[in-house]
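S.K.: No sequence on hand, only this structure:
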């Protein structure tokens, strides 16, 4: 077996999707941005973003709210994020409220704010394990009256 034939398992499903647009390191955008594909931000955006997949590089900075399917953050985000999947890398910084159903934070990544979990299925389920075991009932002691 050759080492050249080995398949590398992807850590993020969005890695297979090609990047359609790049906001260059020397660019600054002031205003809201909407996209339906995968974009990479190496520069600075001051405004709200909404779209499919956002890759924020180490040199990238976003000041505004983000609503997307997937965000991969190597840079800095100052704003609230509502996303299906958030991958915060070791150089990434998020200052704001996060609402997501899938959160991955590498050691060294910085989160400053509130995290709210989105659930796919609203039904509550008890899983097997210590949290799901029946707790022993406390014995009630008879009460005495002082008289």
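M.R.: Structure received. Computed from a predicted structure; not experimentally measured. Numbering: from 1, shown residues only.
S.K.: quick one: contacts for residue 37?
M.R.: By CB atoms under 8 Å, 6 or more residues apart in numbering, residue 37 lies in contact with 20, 21, 51, 52, 53. For glycine as for every other residue, the C-beta is placed from the backbone atoms N, C-alpha and C.
S.K.: what sits opposite the third one in the beta ladder?
M.R.: For residue 51, the beta-bridge partners under DSSP bridges are residue 68.
S.K.: Most neighbours among the contacts of residue 37, which one?
M.R.: residue 53 (25 neighbours; other CB atoms under 10 Å).
S.K.: looking at it, it is touching residue 41, isn't it?
M.R.: No. Residue 53 lies out of contact with residue 41 (CB atoms under 8 Å); the separation is 11.4 Å.
S.K.: where does the chain have low pLDDT?
M.R.: 1-16, 120-147 (pLDDT under 70).
S.K.: Repeat the analysis, applying 80 as the threshold.
M.R.: Under the criterion pLDDT under 80, the flagged ranges of the chain are 1-17, 118-147.
S.K.: Geometric centre of it: which residue is closest?
M.R.: In the chain, the centroid-proximal residue (CA atoms, centre = their mean) is residue 86; its distance is 2.2 Å.
S.K.: Point me to the helix or strand that includes that residue.
M.R.: strand 81-88 (DSSP states H and E).
S.K.: so how far is residue 29 from the residue nearest to residue 112 when sequence neighbours are not counted?
M.R.: Spatial nearest neighbour of residue 112, chain neighbours left out: residue 95 (4.7 Å); criterion: CB to CB, 6 or more residues apart in numbering. Applying CB to CB, to the nearest Å, the value for residue 95 to residue 29 is 19 Å.
S.K.: and what of residue 51?
M.R.: Residue 51 sits 13 Å away from residue 29, going by CB to CB.
S.K.: From what I see, residue 81 and residue 66 are in contact.
M.R.: Yes. Using CB under 8 Å, residue 81 is in contact with residue 66, at 4.8 Å.
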